[in-house]
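> quick one, what's the 3D model for this:
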Amino acid sequence: MVAALAWPTAAHNSRYAAMKISSRADVAPFYAMEVLKAANAKAARGDSVLHLEVGEPGRGAPAGVLAAAHRAIDAGGIGYTEAFGLPELRARIARYYDETHGLNVPVGRIAITTGSSGGFVLSLIAAFDVGDRVALGVPCYPAYRNMFKALGIEPVYLRTTLETRFQPTPEMLAAAGPVDGLLIASPANPSGTMLVGQPLHALVDYCNAHDVRLISDEVYHGITYERAAETILGNSKGGIVLNGFSKYYGMTGWRLGWMVLPDDMTAPMERLAQNLYISSNAVSQRAALAAFDCRDELERNVEVYRRNRDLLLEALPRAGITEMAPADGAFYIFANVGRLTNDSADFCARLLAETGVALTPGIDFDTEEGHAYIRISFAGKTDAIRDAADRIVSWLS
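Residues are numbered from 1 along each chain as shown. Take a look at the predicted model:
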C-alpha cells in the first residue's frame, strides 16, 4: 500500500528557511509593477483607475499579427525552432535594417530572443565576466541594474542631467575610469530622450577606441516624434543591439525580441541560447512575420502617442509640473516634482488613493535622486490620458 503524500510541516519549512539563498537574488522590486498591483486592487474594489504607470501599448498587437497567429495554430506542427529563431523571421529582420537604416546586416548575426529581456540576459552573460565593470547612465530602466546584480556585474553609474538630456557622454565615461562595457538606450526609459547625430557618434567612437563593449537598447525604435532614431550598427566595432516586438509592434505579452550581434559573439551566444532557452515561442515568431506588413496600423498608434504626449505637455505645467525631459520618443514623460514633494513614492501613492491615477515614482529609475521625479506613461487611449491629466491638474491646483 502506497503511503499518502503529506505537505511539508512547519518543522520542514523552518529547515528549508535555513538553506542558502544567493545574495544575487536580492534585487529591488520593480516599483511600476508594485504600483500596478495597488492600482488593480483599487479597481477590484470598484474604484475608477487610470493606468499611466506601465509602458504597455494600449492597442495591443495589430490585426495582421493576430490573423497570422491563428493561421499558425490552425496549421499545427508548433514545436521548437532553432535556438536563434525561424530563418524566415531573421531574414525579415535583416530586410528591416535595409529598409529603415540602409544597412546590410547578415542574417547570421540576427538572433530571436524570449523578449528583449531574454536578449539582455544572454548578452550580459556572453559579454562580461563576474566583476566586470559596465557603465550605464542614470536614471535608467531598473531591470538593467538588477540584471547586473543577479549576474555579478559591477554597475558604474554615470550621473546624467536634464542638460545632457539624461544621456551619458564620453566625458562621463572617461571620468569613470576603465570600464568593460557601456549600456545605452535610445529612445530611453524613463526619459524618452534619444541619442542621435554627434552625441551618439561620439559615444560609439569612444567605445571603439577604448575596446568598450557597447550594448544598445533600441526597443523603442519606431516610436519617435520629431526625428527618427538611429542605430549603432553602422559605426560600432563590437556593439550588440537589442530590439523587440513589444513596444512599436504592440506585442508585449508575446515575449519576442531580437539581437544583432557582432561576428565574435554569434557562436557563444547561440550555445548559451540553446542551453538557457532552447528557443523562443514558435507561435509568436510566426505571427511576428506579419508585423512588418502592418505599418499603417502601427503608425496610427504612434500618432495616438503623439496626441497623448502633446496633451500632457500642455496640461502638466497647469498643475505646476514644468521641468520635464524632452520626450523625443517612447511613450513616457519624466518630470521633476521636487517643488511638490521630496518623496515621489508617497506622492504617487496619494495620487492613486485620492484620484485613481497610477504613476510610477522616480525611485524606480534613480535610487539617489528619483525621490524628486515621476514617470508618466502615455501609451494608453487618449480619453484616459485626458481624464488623467484633468484629475492631476485638479488635485494639484
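> same for the helix or strand hosting residue 202, what does it pack against?
Taking DSSP states H and E as the criterion, residue 202 maps to helix 198-209. Applying 3 or more C-beta pairs under 8 Å, 6 or more residues apart in numbering; DSSP states H and E, we find helix 198-209 packed against helix 170-175, strand 181-185, strand 213-217. Where C-beta positions appear, they are placed from N, C-alpha and C, glycine not excepted.
> quick one, that helix and strand 181-185 angle?
160 degrees (axes from the mean of the first three to the mean of the last three C-alpha atoms, to 10 degrees).
> and helix 198-209, what's buried?
199-200, 203-204, 206-207 (16 or more other C-beta atoms under 10 Å).
> now that helix, how far from the chain's geometric center?
Computed by C-alpha atoms, centre = their mean, to the nearest Å, the chain-centroid distance of helix 198-209 equals 22 Å.
> what lies in contact with it?
Contacts with helix 198-209, where a contact means C-beta atoms under 8 Å, 6 or more residues apart in numbering, come from 165, 167-170, 173-174, 182, 184, 186, 195, 212-214, 230, 232, 235-237, 239.
> how does it look with 6 Å?
170, 173, 182, 214, 230, 232, 235-237 (C-beta atoms under 6 Å, 6 or more residues apart in numbering).
> of all pairs in those, which one is the farthest apart?
173 and 230 (18.8 Å; C-beta to C-beta).
> what's the angle from the helix holding residue 202 to strand 213-217?
Using the same axes, to 10 degrees: helix 198-209 against strand 213-217 is 150 degrees.
> now helix 198-209: mean pLDDT?
Across helix 198-209, pLDDT averages out at 98.
> and the helix or strand where residue 94 lies, what's buried?
For residue 94, the host element (DSSP H and E) is helix 87-101. Buried residues in helix 87-101, defined by neighbour count with 16+ other C-beta under 10 Å: 89-90, 92-94, 96-97, 101.
> right, and the helix or strand after that helix?
strand 110-113.
> one step back: can you lay out the buried residues of helix 87-101 as TSV showing distance to residue 247?
Listed next are the buried residues of helix 87-101 as TSV, based on distance: C-beta to C-beta, whole Å:
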residue	distance to residue 247
89	18
90	20
92	18
93	15
94	20
96	15
97	17
101	17
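> ok, of these, which one's closest to residue 116?
residue 93 (12.9 Å).
> show me the contacts for that closest one.
With C-beta under 6 Å, 6+ apart, residue 93 has these contacts: 110, 258.
> and residue 173, by the same measure?
residue 206.
> without its sequence neighbours, what residue ends up closest to residue 96?
residue 292 (6.1 Å; C-beta to C-beta, 6 or more residues apart in numbering).
> let me know the secondary structure of the one you found.
Using DSSP: H, G, I helix; E, B strand; the rest coil, the secondary structure recorded for residue 292 is helix.
> tell me how many other residues crowd it.
19 (other C-beta atoms under 10 Å).
> any idea of the pLDDT on it?
Taking residue 292 on its own, its pLDDT is 98.
> could you do residue 33 as well?
Confidence score, pLDDT, at residue 33: 85.
> and it, how many neighbours?
14.
> give the burial count for residue 353, as a bare number.
Residue 353 - counted by other C-beta under 10 Å - has 11 other residues nearby.
> how about the one 5 residues further on?
Taking other C-beta under 10 Å as the neighbour definition, residue 358 ends up with a count of 26.
> out of the buried residues of helix 198-209, who's nearest residue 300?
For the buried residues of helix 198-209, the nearest to residue 300 is residue 200 (28.3 Å; C-beta to C-beta).
> tell me how far that closest one lies from residue 206.
11 Å (C-beta to C-beta, to the nearest Å).
> likewise for residue 105?
From residue 105 to residue 206 the distance is 23 Å (C-beta to C-beta).
> ok, residue 25 next?
34 Å.
> residue 187 too?
21 Å.
> one more: residue 352?
Distance from residue 352 to residue 206, by C-beta to C-beta: 42 Å.
> which among the contacts of helix 198-209 count as buried?
By 16+ other C-beta under 10 Å, these give 170, 173, 182, 214, 230, 232, 235-236 as buried.
> for the helix holding residue 202, output the C-alpha coordinates as PDB.
Below are the C-alpha coordinates for helix 198-209, written out as PDB (Å, rounded to 0.1, in the frame of the first residue of the first chain):
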ATOM      1  CA  GLN A 198      27.100  63.700 -33.000                       C
ATOM      2  CA  PRO A 199      26.300  62.700 -29.400                       C
ATOM      3  CA  LEU A 200      25.600  59.100 -30.400                       C
ATOM      4  CA  HIS A 201      28.600  59.000 -32.800                       C
ATOM      5  CA  ALA A 202      30.900  60.400 -30.100                       C
ATOM      6  CA  LEU A 203      29.900  57.600 -27.700                       C
ATOM      7  CA  VAL A 204      30.400  54.900 -30.300                       C
ATOM      8  CA  ASP A 205      33.800  56.300 -31.300                       C
ATOM      9  CA  TYR A 206      34.800  56.300 -27.600                       C
ATOM     10  CA  CYS A 207      33.800  52.700 -27.200                       C
ATOM     11  CA  ASN A 208      35.600  51.700 -30.400                       C
ATOM     12  CA  ALA A 209      38.800  53.500 -29.300                       C
END
